[in-house]
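[1] Next comes the sequence, and after it the predicted model I'd like to discuss.
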Amino acid sequence: MKIGIFGTGAIGGFYGGILAKNGADVVFIARGRILEAIKERGLTIKSFRHGHFTLKVNAIENPKEAGKVDVVLLCVKSYDTEGIAPLILPMLKEGSVVISVQNGIENEEILSRVLGRERVLGATAFIGVYVESPGTVVHQAAGLLEIGELSGKATERVKKIVDFLKSRGIEARVSKDINYALWKKLLWNVSFNPYSVMTRATVGQMIEVPEVKEVLKRLMEEAILVAKAYNVNLEKGIIDDYLNPSEDLINYKTSMLLDFERGKTLEIEGITGALIRKAYMKGIDIPYNKCVYATVKLLDKLRMG
């Protein structure tokens, strides 16, 4: 099984690196400083679970040069999905699938319009990982990759992909309901990600303050209301789990905060913006999320000058 990693940042670099280390045929699509670093020095993974290692990997910029692949793991930021989707087409053959390993709840819809719904699978990555420097990825928490059909059905092709990933060192499982999993992940993202930009705090620092925990809870409760309007009934216990994280997440800086500190584009539109748009379509008011969204937009504008 040949795997294409489209977007060699934290997520793509980690999963692709583990696959390559364990003998999988992997081609990485990367650009800019990351591509230059990987070509010069290789791809380095520093993992609390898999150890530290550096690999020489097949990394290119032009997807047309990748050849045909069986599976594409799409690991770009949500704001790039629409522009990237057509560029994936040359990598696909009959039977190829594209797995969206991204934040947000709109990526699969965008990809389906361009690539065809039958080619698209959804996924959630429950993982703490970041780019330390171009070509170097640090893995500090969790790692589960959950994959499923958009139809919600358990299929042989998903089972085959998951079995392959597991055989190459990836912690993976077949999702019983990927739509549920995507909304469940959104609960974490709409709370911890944007609020960390507002506070400049780690996960642990945020949950230490009762008043902040209450705000995070309200942000998630609003997301649960919107999910229910789309026939996704999230369990309230998810909020308690997220507000009492495992030890390996206590010192974790969210991806949005890291992007903010490094002057990169924020995924606020694909996360909180997506929730607000979904809520608006159902006539639901979500004031906490709208307040956080507006504040992060202002901070982003001030940061950019």
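    Good, I have the coordinates. Residues are numbered from 1 along each chain as shown.

[2] Tell me which helix or strand comes right after the helix or strand containing residue 205.
    Element membership for residue 205 (DSSP states H and E) is helix 203-207. Reading on from helix 203-207 to the C-terminus, the next helix or strand found by DSSP H and E is helix 210-229.

[3] circling back: what comes up buried for the helix holding residue 205?
    Within helix 203-207, the residues scored as buried using 16 or more other Cβ atoms under 10 Å are 203, 206, 207. (C-beta placed from N, C-alpha, C; glycine too.)

[4] what's the answer for stretch 55-72, then?
    57, 59, 60, 63, 66, 69, 70, 71, 72.

[5] now do stretch 125-143
    Applying 16+ other Cβ under 10 Å to stretch 125-143 flags 125, 127-131, 134-143 as buried.

[6] how far does that stretch stretch from start to finish?
    Length of stretch 125-143, first residue to last, Cα to Cα, to the nearest Å: 7 Å.

[7] One more: stretch 276-292?
    By Cα to Cα, one end of stretch 276-292 lies 11 Å from the other end.

[8] Name the residues that touch it?
    105-106, 190, 194-195, 198, 215, 218-219, 222-223, 225-226, 229-230, 272, 275, 293 (Cβ atoms under 8 Å, 6 or more residues apart in numbering).

[9] Below-threshold pLDDT in this structure: ranges please.
    In the prediction, the chain carries no residues with pLDDT under 70.

[10] Can you tell me who residue 44 pairs with across the strands?
    According to DSSP bridges, the partner residues bridging residue 44 are residue 54, residue 136.

[11] Looks like it contacts residue 139 (just checking).
    No. In this structure residue 44 lies outside contact range of residue 139 using Cβ atoms under 8 Å: 11.1 Å.

[12] Which two among the buried residues of stretch 55-72 are spaced furthest apart?
    Using Cβ to Cβ, those span at most 18.7 Å, a distance reached by 59 and 70.

[13] Count the residues that sit near residue 102.
    Residues lying near residue 102 (other Cβ atoms under 10 Å) number 28.

[14] Make 186 the starting number, not 1.
    New numbering, starting at 186: the last item is residue 287.

[15] Quick check: it is in a strand.
    No. Applying DSSP: H, G, I helix; E, B strand; the rest coil, one finds residue 287 to be coil, outside a strand.

[16] quick one: it from residue 259, how far?
    Residue 287 is 7 Å from residue 259, where distance means Cβ to Cβ, to the nearest Å.

[17] Next, the closest residue to residue 246 other than its chain neighbours: phi, psi?
    Leaving aside its sequence neighbours, residue 246 sits nearest to residue 216 (Cβ to Cβ, 6 or more residues apart in numbering; 5.3 Å). Main-chain torsions, residue 216, degrees, to the nearest 10: phi -150, psi 170.

[18] State the distance from residue 216 to residue 319.
    With Cβ to Cβ as the criterion, residue 216 and residue 319 are 11 Å apart.

[19] now do residue 477
    Residue 477 sits 31 Å away from residue 319, going by Cβ to Cβ.

[20] all helices of the chain, in order?
    Taking DSSP state H as the criterion, the chain carries its helices at 195-206, 217-226, 266-273, 292-300, 341-352, 363-384, 388-392, 395-414, 422-428, 432-435, 440-446, 453, 459-466, 472-489.

[21] Thanks a lot, see you next time.
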